[in-house]
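>>> Can you look at this prediction? I've put the sequence above it.
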Amino acid sequence: MRASLIQINVDPQEPAAERRVRAAALVHEQAGSDLVVLPELWHVGAFAFESFAAAAEPLGGPTARAMSAAARDAGVWLHAGSIVEEAPGGALCNTSLVFSPSGELVRTYRKIHRFGFDKGEAVLMTAGTEPVTLPLPDTTLGLATCYDLRFPELFRALVDAGAQTFVVPAGWPAKRRGHWTLLARARAVENLSYVLACGTAGTHAGVEQAGHSVVFDPWGETVAEAGPGEEVLTVDLDPARVTKVREEFPALKDRVLGR
Ligand SMILES: NC(=O)CCC(=O)C(=O)O
């Protein structure tokens with residue numbers, strides 16, 4: 001199973017409409033991959049809080065339409081990262097979109113843990129409540145977004161729902177890059193699962209992004225890691241390895257709490 005993580009540069013000087021066209025072209029270039037992943041809020045910037053309201057769009061909005069067409073044209077499963085969703089009733093949510101190779105929107109995931117404490121996303125966005133998984137032909141995806149990485153109980157809930165491969169779009173700051181890599185790896189090791197963690201490059205709203213998208217295997221080994229700039233990280237995964245590792249090291253069966 002081939003996966004491509006598109007670590008797109010988010011530059012406030014680039015209009016969102018142009019970045020959308022560029023993202024679609026980058027997805028198109030990944031034809032031949034099974035799964036393509038974009039980062040969190042790449043259309044606006046995860047820290048561009050003051051632009052969230054203006055950038056909000058419904059599920060059938062311009063980003064979703066462009067990504068549906070891109071998935072269909074490339075013939076790939078596309079985790080299109082997240083958008084600022086204007087939900088029915090007007091609430092804003094940080095919502096991930098997953099499209100099938102025919103361009104159908106097959107899953108949405110509203111980020112459960114909002115970042116910012118008493119500011120930014122935490123006050124502007126409404127939290128999701130539901131963990132979301134998606135069975136693909138070769139693996140079952142578990143969806144999480146950025147700050148969710150700090151909450152292992154979400155990943156356990158996803159494992160209980162059948163997840164074998166976590167997809168984590170993010171807009172993670174460079175100043176906490178050490179946490180990014182450490183937490184993504186921990187989620188792989190403790191859940192004996194692949195982790196596909198896709199961040200952004202560039203600086204927006206004064207926040208330098210970490211880049212360094214990374215893929216860990218179910219033993220916590222690094223499959224591939226990007227640098228700080230715009231880059232596509234393409235990896236070949238062996239979905240059967242999740243079952244094998246879980247059989248050889250059945251730690252998930254030893255859980256006592258929270259089952
Ligand atoms: N967009 C985010 O969720 C940022 C998370 C973050 O900066 C952190 O957890 O640290």
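Good, I have the coordinates. Residues are numbered from 1 along each chain as shown.
>>> ok, and what's touching the lengthiest helix in the chain?
In the chain, taking DSSP state H as the definition, the longest helix is helix 177-191. With Cβ atoms under 8 Å, 6 or more residues apart in numbering as the contact definition, helix 177-191 has outside contacts at 149-150, 152, 155-156, 158-159, 163, 166, 168, 170, 172, 193-195, 197, 199, 210, 212, 214, 216-220, 222, 225, 252. The way it works is simple: take the backbone N, C-alpha and C, and place the C-beta from them, glycine included.
>>> element containing the nearest residue to Leu38 once chain neighbours are set aside, please.
Spatial nearest neighbour of Leu38, chain neighbours left out: Gly81 (3.6 Å); criterion: Cβ to Cβ, 6 or more residues apart in numbering. For Gly81, the host element (DSSP states H and E) is strand 77-86.
>>> list the buried ones in the strand or helix carrying Leu5?
With secondary structure defined by DSSP H and E, Leu5 is part of strand 2-7. Within strand 2-7, the residues that count as buried by 16 or more other Cβ atoms under 10 Å are 3-7.
>>> how near is Lys175 to the ligand?
Applying Cβ to the nearest ligand atom, to the nearest Å, the value for Lys175 to the ligand is 9 Å.
>>> Do I have it right that that residue meets Glu208?
Yes - Lys175 lies in contact with Glu208 (Cβ atoms under 8 Å); the separation is 7.3 Å.
>>> Who has more neighbours out of those two?
Applying other Cβ atoms under 10 Å to Lys175 and Glu208 shows that Glu208 carries more neighbours, namely 15 against 10.
>>> Tell me the spatial nearest neighbour of that one, not counting adjacent residues.
Nearest residue to Glu208, sequence neighbours excluded (Cβ to Cβ, 6+ apart): Ala174, at 4.2 Å.
>>> where's the one you found relative to the ligand, distance?
Ala174 is 10 Å from the ligand, by Cβ to the nearest ligand atom.
>>> ditto for Ala69
Distance of Ala69 to the ligand, given as Cβ to the nearest ligand atom: 27 Å.
>>> give me the number of residues near that residue?
When neighbours are counted by other Cβ under 10 Å, Ala69 registers 15.
>>> same thing with the one 10 residues further on?
Using other Cβ under 10 Å, His79 has 30 neighbouring residues.
>>> residues contacting it?
Each residue near His79 by Cβ under 8 Å, 6+ apart is listed here: 35-38, 96-98, 141, 143, 167, 169.
>>> and the end-to-end length of stretch 116-126?
Stretch 116-126 has its terminal residues 13 Å apart, counting by Cα to Cα, to the nearest Å.
>>> Let me know the next secondary structure element after the longest helix of the chain.
Remark: after helix 177-191, the chain's next helix or strand is strand 194-198, criterion DSSP H and E.
>>> so how far is whichever helix or strand comes after that following strand off the chain centroid?
Under the assignment DSSP H and E, the closest C-terminal helix or strand after strand 194-198 is strand 203-204. Put simply, strand 203-204 sits 19 Å off its chain's centre (Cα atoms, centre = their mean, to the nearest Å).
>>> do the same with stretch 169-189
Offset of stretch 169-189 from its chain centre (Cα atoms, centre = their mean): 12 Å.
>>> Tell me the buried residues in it?
Using 16+ other Cβ under 10 Å as the test for burial, stretch 169-189 gives 169-174, 177, 180-181, 183-189.
>>> ditto for stretch 192-207
192-205, 207.
>>> likewise stretch 85-93?
Neighbour-count burial for stretch 85-93, counted by 16+ other Cβ under 10 Å, picks out 85-87, 92-93.
>>> Distance to the ligand and pLDDT added to the residues you listed, as JSON lines?
Converted to JSON lines, the buried residues of stretch 85-93 look like this (distance: Cβ to the nearest ligand atom, whole Å; pLDDT from 0 to 100):
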{"residue": "Glu85", "distance to the ligand": "15", "pLDDT": "98"}
{"residue": "Glu86", "distance to the ligand": "19", "pLDDT": "97"}
{"residue": "Ala87", "distance to the ligand": "19", "pLDDT": "95"}
{"residue": "Leu92", "distance to the ligand": "14", "pLDDT": "98"}
{"residue": "Cys93", "distance to the ligand": "13", "pLDDT": "98"}
